[in-house]
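Student: next come a sequence and a model predicted from it.
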Amino acid sequence: DVKVTQSSRYLVKRTGEKVFLECVQDMDHENMFWYRQDPGLGLRLIYFSYDVKMKEKGDIPEGYSVSREKKERFSLILESASTNQTSMYLCASSLPIEAGAIQYFGAGTRLSVL
Amino acid sequence: GIQVEQSPPDLILQEGANSTLRCNFSDSVNNLQWFHQNPWGQLINLFYIPSGTKQNGRLSATTVATERYSLLYISSSQTTDSGVYFCAVVFSGGYNKLIFGAGTRLAVHP
């Protein structure tokens, strides 16, 4: 089975802190994604990566950056956390679209910024 | 604009009842997935179904790509089916970017 592991289920941080959310997949997938989910707004794509050291902005990249130094790991970075970044964060991975492209999701990280 | 619309937004069932959830999308797709989000937030893959029909136990799904809709059928519902069901698509030319619908919140009562 595909496994996508997010490092924390729950996280509480203070405004202004630098926050790292880590995601690891074990299926050698090229593509990795970060989404956030908010009530009434659904799931929205923050960033994605289609290869090591490659990244593309999604729909809501402001206030976030990402890092992909190894194929299996994709990190989401909040440079200076703010209260409006309190949300559920979901990581996903997939093969390239021509290979089927089913996206598999991790369990999510509920981040609270106080 | 590009849209994914799900209906109904909310559904309440008695255990044992059947239901149909619908997903309409506004353009041709390369990928369509149905997910169940459990109470802990985990998104569980139900079906990958850009076209055709698939069945998995009490669940089945049909996508009619030419008419731009997909249906998820739940038969003999159980309380463990409760949660939110999402349809998500990758539009042709959308480079594997999943666009999610707003979801259908299902509550199954004993």
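Tutor: Arrived safely, thanks for sending. Residues are numbered from 1 along each chain as shown, chains lettered A, B, ... in the order given.

Student: any low-confidence regions in chain B?
Tutor: B:1-2, B:94-95 (pLDDT under 70).

Student: name the next helix or strand downstream of the helix or strand encompassing residue A:88, please.
Tutor: Following DSSP states H and E, one finds residue A:88 within strand A:87-94. Where DSSP H and E defines the elements, the next helix or strand beyond strand A:87-94 is strand A:104-105.

Student: show me how far that following strand is from its chain's centre.
Tutor: 11 Å (CA atoms, centre = their mean, to the nearest Å).

Student: I'd like the next helix or strand past it.
Tutor: strand A:109-113.

Student: for that next one, which positions count as buried?
Tutor: By neighbour count on 16 or more other CB atoms under 10 Å in any protein chain shown, the buried set for strand A:109-113 is A:109-111, A:113. For the C-beta atoms, the positions are set from N, CA and C on the backbone; glycine is no exception.

Student: dump the residues you listed to JSON lines, plus distance to chain B and pLDDT.
Tutor: Listed next are those as JSON lines, based on distance: CB to the nearest CB, whole Å; pLDDT from 0 to 100:
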{"residue": "A:109", "distance to chain B": "9", "pLDDT": "95"}
{"residue": "A:110", "distance to chain B": "7", "pLDDT": "95"}
{"residue": "A:111", "distance to chain B": "12", "pLDDT": "97"}
{"residue": "A:113", "distance to chain B": "18", "pLDDT": "97"}
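
Student: near chain B, which residues of chain A?
Tutor: With CB under 8 Å from any CB of the partner chain as the criterion, chain A comes near chain B at residues A:31, A:33, A:37, A:42-43, A:45, A:48, A:50, A:56, A:58, A:88, A:90, A:92, A:94, A:96-97, A:100-105, A:107-108, A:110.

Student: what's across from the closest residue to residue A:36 other than its chain neighbours in the sheet?
Tutor: Excluding the flanking residues, the one nearest residue A:36 by CB to CB, 6 or more residues apart in numbering or on different chains is residue A:87, at 4.5 Å. Beta-bridge partners of residue A:87, counted by DSSP bridges, are residue A:111.

Student: give the contact list for residue A:87.
Tutor: Going by CB atoms under 8 Å, 6 or more residues apart in numbering or on different chains, residue A:87 touches A:36-38, A:110-111.

Student: quick one: it from residue B:72, how far?
Tutor: Applying CB to CB, to the nearest Å, the value for residue A:87 to residue B:72 is 26 Å.

Student: now residue A:63
Tutor: Taken as CB to CB, the span from residue A:63 to residue B:72 is 34 Å.

Student: more crowded one of those two?
Tutor: Of the pair residue A:63 and residue B:72, residue B:72 is the one with more neighbours under other CB atoms under 10 Å in any protein chain shown, namely 23 against 14.

Student: surely the more buried one touches residue B:23?
Tutor: Yes. Between residue B:72 and residue B:23 there is a contact under CB atoms under 8 Å: 7.5 Å.

Student: so what sits against both of the two?
Tutor: Common neighbours of residue B:72 and residue B:23 (CB under 8 Å, 6+ apart) are B:34, B:87.

Student: fine by me, thanks again.
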